[in-house]
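Participant: Please work out how this folds:
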Amino acid sequence: MKYCLLFCGAFAALPALAQVDTTQNASMNALFGRDTTLRPPNAQLKLNMDATYDRPFLTTGKMPVSVGGYLEANTQYMQTNGVTEGFSFQMRRMTVFLAATINRRIKFLSEIEFEDGTKEINIEFAAMDIQFDQLFNLRGGIIMNPIGSFNQNHDGPKWEFIDRPLSSTRIIPSTWSNVGFGLYGKKYSRDWVWAYEAYLTNGFDDQIIANDQNRTFLPATKANQDRFEESFNGVPLITLKTALKRRKLGEIGLSWMGGVYNKFQDDGLILDERRRVDVWAVDFNTTLPTRTFITGELVWAHINVPPSYTQQFGRKQQGGWIDIVHPIRRGRMLGWNTAALNVALRVERVDYNVDKFNETGENIFDELWSVVPAISFRPSPTTVIRANYRYQWDTDLLGNPPARTAGFQFGFSTYF
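Facilitator: Numbering: from 1, shown residues only. Predicted coordinates for the structure are as follows:
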């Protein structure tokens, strides 16, 4: 009921909110933790973990509720081995933020996402934060597990690329949210900031191996909507992350997420041994003296797959991506005072099965590579118009000549 009242109150104030020009808010210019070309030099050190609250919100006067969101849409023309299905127009997602300052040190924020029209409607984040100390804060509710960087820092307007990074969506099942509780905190020292996060949440289920992909596929567990109601096996998923950043140098983060994914007992009857899934990630970002921004993420996953499953179900997976974004012009363009024109490149890889065939000792492939050059125009810090060209190689288990996919994408994403 409280949530409904807040939501109704926010929309009742929309006529007044429409008069707010958010681009004039200096703090918004600093929200692009990854697009440092737009960050004022005196901005506070921001980390990827700050992305949850580091967004533009509309508010008015002393009203305790703020609203916001973003929209992503695009068109694309792709072909695989010369075969195409023509043009498609896609409404990737519309996300609505709703935040409230309950007390000076108690905050609430929710993120509700509509994907592919209304094909999927998800509460990606709905949590209350209680601040006791800079180093000791409590967060509870539906939280985004802090594994890697993209899972927390995933808003479309922050990226020059239309598709999300493949390893962040096919190994790490971004956006990966669960119900749980935990702690986080930071410590500042001159040009340094260190931070940590530690959460216990509900976790994976056996769909990561019992799915229609015929491979080990962690995102399949997102189909289990019951994870917001109860744990599949009664064992919490642990997620830990630590990050370190130095001004003018960059940020590096180390994270781990692990737990039991199978139902090993039922009503006291032992069904199986406890089978774990563990995911490690390293993320980093930096800005070169040429203002070229570099960010990336590497991920490794170990899954205890039952011996009754064939070798096509990977026991080990790995992947990664790196984005390079270079501003070729900034300033007034086409009547826009804070516009930016960027060129960018993403290189990424996913290996679903890091192993060898028992019979021959040869590699099991089941992997893909992708290269995505891009150009983007930002008429304002909160809006991006972007064009991508994707070239992707998909290799099957046996290492046969890869299927080659290529095509163009054009779209936009904007906060509102």
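Participant: Lowest-scoring secondary structure element of the protein by mean pLDDT?
Facilitator: None of the helices or strands of the chain scores lower by mean pLDDT, DSSP states H and E than helix 14-17, at a mean of 39.
Participant: pLDDT (mean, whole number) over stretch 195-205?
Facilitator: Average pLDDT, stretch 195-205: 97.
Participant: Any buried residues in it, and which?
Facilitator: Ala195, Tyr196, Glu197, Tyr199, Leu200, Thr201, Asn202, Gly203, Phe204, Asp205 (16 or more other C-beta atoms under 10 Å). For glycine as for every other residue, the C-beta is placed from the backbone atoms N, C-alpha and C.
Participant: so can I have a markdown table of the residues you listed showing distance to Leu271?
Facilitator: Output for these, formatted as a markdown table (distance: C-beta to C-beta, whole Å):
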| residue | distance to Leu271 |
| --- | --- |
| Ala195 | 40 |
| Tyr196 | 36 |
| Glu197 | 33 |
| Tyr199 | 27 |
| Leu200 | 23 |
| Thr201 | 23 |
| Asn202 | 19 |
| Gly203 | 17 |
| Phe204 | 16 |
| Asp205 | 14 |
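Participant: Show me those that map onto strands.
Facilitator: Among the buried residues of stretch 195-205, the ones falling in strands (DSSP state E) are Ala195, Tyr196, Glu197, Tyr199, Leu200, Thr201.
Participant: From Ile142, how far out is Trp369?
Facilitator: In this view, Trp369 and Ile142 are 34 Å apart by C-beta to C-beta, to the nearest Å.
Participant: Looking at these two, which is more packed in?
Facilitator: Ile142 (19 against 16; other C-beta atoms under 10 Å).
Participant: Centre-most residue in the protein?
Facilitator: Asn151 (2.7 Å; C-alpha atoms, centre = their mean).
Participant: ok, for that residue, nearest residue in space, not its chain neighbours?
Facilitator: Using C-beta to C-beta, 6 or more residues apart in numbering and skipping the chain neighbours, the partner closest in space to Asn151 is Ser174 (4.4 Å).
Participant: Would you mind confirming that the one you found makes contact with Ser168?
Facilitator: Yes: in this structure, Ser174 is within contact of Ser168 by C-beta atoms under 8 Å, at 4.7 Å.
Participant: Overlap in contacts, the two.
Facilitator: Any residue near both Ser174 and Ser168 by C-beta atoms under 8 Å, 6 or more residues apart in numbering counts here, and that gives Gly148, Phe150, Asn151.
Participant: can those residues go into TSV with extra columns for distance to Ala127 and pLDDT?
Facilitator: Shown next, in TSV, are the shared contacts of Ser174 and Ser168 (distance: C-beta to C-beta, whole Å; pLDDT from 0 to 100):
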residue	distance to Ala127	pLDDT
Gly148	19	96
Phe150	19	96
Asn151	14	96
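Participant: Would you report the backbone torsion angles of the residue nearest to Asn151?
Facilitator: Main-chain torsions, Ser174, degrees, to the nearest 10: phi -60, psi 140.
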